[in-house]
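> Kindly generate the corresponding structure for this input.
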Amino acid sequence: MPATIFAVLAAVLYITAAALQLLHTVQRRGPLSRSFVVLSAAALVCHIAVVAHDIFPGGSIELGFYKVSAVIFLVINLLCLASLSRRPLQNLLVVLYPLSAIAVLVSHFAPNTGFRSDMPTGIMIHIVSSIVAYAVLTLAAVQAALLAVQDHQLKSRHTRGLVQVLPPLQLMETMLFELLWVGELLLTLAIVSGFVFLDDIFAQSLVHKTVLTIVAWALLAILLWGHHRLGWRSTTAVKFTLSGFALLVLAFYGSKLVLELILQRPAG
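Okay, the predicted model is just below:
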C-alpha cells in the first residue's frame with residue numbers, strides 16, 4: 001500500500017479516535033472504549049508505516065523540519081497509550097490525536113528540508129534521547145495546560161464542563177510531576193550525550209539550540225527542586241513547565257526553521 005494512503009488513513013483514524021474519545025468523555029461512560037483502542041492501534045500502525053517510509057528511507061535517516069514532528073508525535077502517542085494502564089492520560093489524546101494527524105500529513109506531503117545521513121551509534125543515542133525527552137515534555141506541557149484550566153475553573157467555582165471529566169486536581173498535579181521527572185532525566189541524557197558524541201555542541205549552528213536547551217533544563221530542575229523542598233504546586237508548576245517547554249520548542253524548531261528553511265542548510 002503506498003505511503004500516501006497510509007498517511008491519509010492515519011490522519012482519518014486519529015481524528016475519528018479523538019472525536020470518539022471526546023464524546024465518550026463528555027458522556028462520562030468510563031475511561032476507554034474498545035472502538036477507541038482499535039482505532040488508536042490502527043492509526044499507530046499507519047503512522048509507523050509513514051515514519052518508516054519518510055524518515056528512514058533505505059536505512060538512512062531524514063529528520064528535516066517538516067518530517068521530525070511525525071516521529072515526535074508517534075513517540076508521544078506510544079508513551080501516552082502505554083501509560084494508560086496506570087494513569088488516566090486519555091484526555092490528553094483528545095488534543096494530541098488531531099495534532100498527530102496534522103504531523104503525519106505534513107511529514108508526508110511537505111518537501112524534505114533536511115539531509116540523508118547514516119549516523120554513528122553515539123549520534124543516534126543523542127537523537128533518540130532528545131526525541132523521547134521532547135515527547136515526554138510535550139505530554140507534560142499539555143498536562144500543565146489542562147491543569148491550569150482546571151485550577152482556574154475550580155477557583156472560579158465552576159463545577160461543570162472540563163472539571164467534571166478530568167481527574168481530581170491532586171492527581172493531575174501528581175501526573176504532571178511524574179512526567180516532568182521522566183522528561184528531565186531524558187533531557188539530561190540528551191544534553192550529556194550531545195557533549196560526549198557531537199564534535200562541538202557550541203558550534204555556530206548549534207549554540208542557540210544548546211543554550212536554550214540548557215536554560216530549559218535549568219528551569220525544570222528548579223521547578224522539581226521547588227516542588228520537593230518548598231512544596232510548589234499548580235500555578236507555579238504550570239508557569240515553569242510551559243516556560244521550559246516554550247524554550248525547548250524555540251531551541252528545536254527555531255533552529256531548524258532558521259537553518260533549513262531560511263539559510264537552507266542542514267540543521268545539527
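> tell me which helix or strand of this protein sits lowest on mean pLDDT?
Lowest mean confidence among the helices and strands of the chain (mean pLDDT, DSSP states H and E): helix 162-165, at a mean of 67.
> what's residue 72 in contact with, if anything?
Contacts here follow C-beta atoms under 8 Å, 6 or more residues apart in numbering; on that basis residue 72 touches 103, 131, 134-135, 138. Where you see a C-beta, it was placed from the backbone N, CA and C, and this is true even at glycine.
> er, residue 107 I mean
Contacts of residue 107 by C-beta under 8 Å, 6+ apart are 7, 50-51, 54-55, 66-67, 69-70.
> For those residues, give me TSV that also has neighbour count, pLDDT and secondary structure.
TSV is the format used below for those (neighbours: other C-beta atoms under 10 Å; pLDDT from 0 to 100; DSSP: H, G, I helix; E, B strand; the rest coil):
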residue	neighbour count	pLDDT	secondary structure
7	24	95	helix
50	26	93	helix
51	22	91	helix
54	23	84	helix
55	20	83	coil
66	20	80	coil
67	23	85	coil
69	19	89	helix
70	26	91	helix
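> Same list (those) but as JSON lines, adding distance to residue 187.
Shown next, in JSON lines, are those (distance: C-beta to C-beta, whole Å):
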{"residue": "7", "distance to residue 187": "30"}
{"residue": "50", "distance to residue 187": "26"}
{"residue": "51", "distance to residue 187": "22"}
{"residue": "54", "distance to residue 187": "26"}
{"residue": "55", "distance to residue 187": "22"}
{"residue": "66", "distance to residue 187": "24"}
{"residue": "67", "distance to residue 187": "22"}
{"residue": "69", "distance to residue 187": "18"}
{"residue": "70", "distance to residue 187": "21"}
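> thinking again about what came up before, let's see which of the contacts of residue 72 end up in strands.
Of the contacts of residue 72, none are assigned to strands by DSSP state E.
> Can you tell me which of these is nearest residue 211?
Each of the contacts of residue 72 was scored against residue 211 by C-beta to C-beta, and residue 134 proved nearest at 16.8 Å.
> Touching, the closest one and residue 252? I think so.
Yes: using C-beta atoms under 8 Å, residue 134 makes contact with residue 252 at a distance of 6.5 Å.
> Have a look at these two and say which one is more surrounded.
Using other C-beta atoms under 10 Å, the more surrounded residue of residue 134 and residue 252 is residue 134, with 26 against 21.
> Quick check: the more buried one vs residue 92, distance?
Going from residue 134 to residue 92 by C-beta to C-beta, to the nearest Å gives 15 Å.
> still on that earlier bit, now, among the contacts of residue 107, which is nearest to residue 151?
residue 69 (29.1 Å).
> Counting by contacts, list what the helix or strand where residue 8 lies packs against.
Taking DSSP states H and E as the criterion, residue 8 maps to helix 3-26. Under the contact definition 3 or more C-beta pairs under 8 Å, 6 or more residues apart in numbering; DSSP states H and E, helix 3-26 sits against helix 34-54, helix 90-109.
> change it to 10 Å
Here helix 3-26 touches helix 34-54, helix 68-83, helix 90-109, helix 162-165, going by 3 or more C-beta pairs under 10 Å, 6 or more residues apart in numbering; DSSP states H and E.
> Report the buried residues of that helix.
Buried residues in helix 3-26, defined by neighbour count with 16 or more other C-beta atoms under 10 Å: 3, 6-11, 13-18, 20-22, 24-25.
> Could you dump the helices and strands packed on helix 3-26 into CSV and include distance to residue 213?
Formatted as CSV, the helices and strands packed on helix 3-26 follow (distance: least, C-beta to C-beta, whole Å):
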stretch, distance to residue 213
helix 34-54, 24
helix 68-83, 15
helix 90-109, 21
helix 162-165, 32
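> Give the rounded mean pLDDT of the longest helix anywhere in the chain.
When the chain is parsed with DSSP state H, its longest helix is helix 121-155. Across helix 121-155, pLDDT averages out at 88.
> how far off helix 90-109 does it point, in degrees?
140 degrees (axes from the mean of the first three to the mean of the last three C-alpha atoms, to 10 degrees).
> That concludes my questions; thank you for your assistance.
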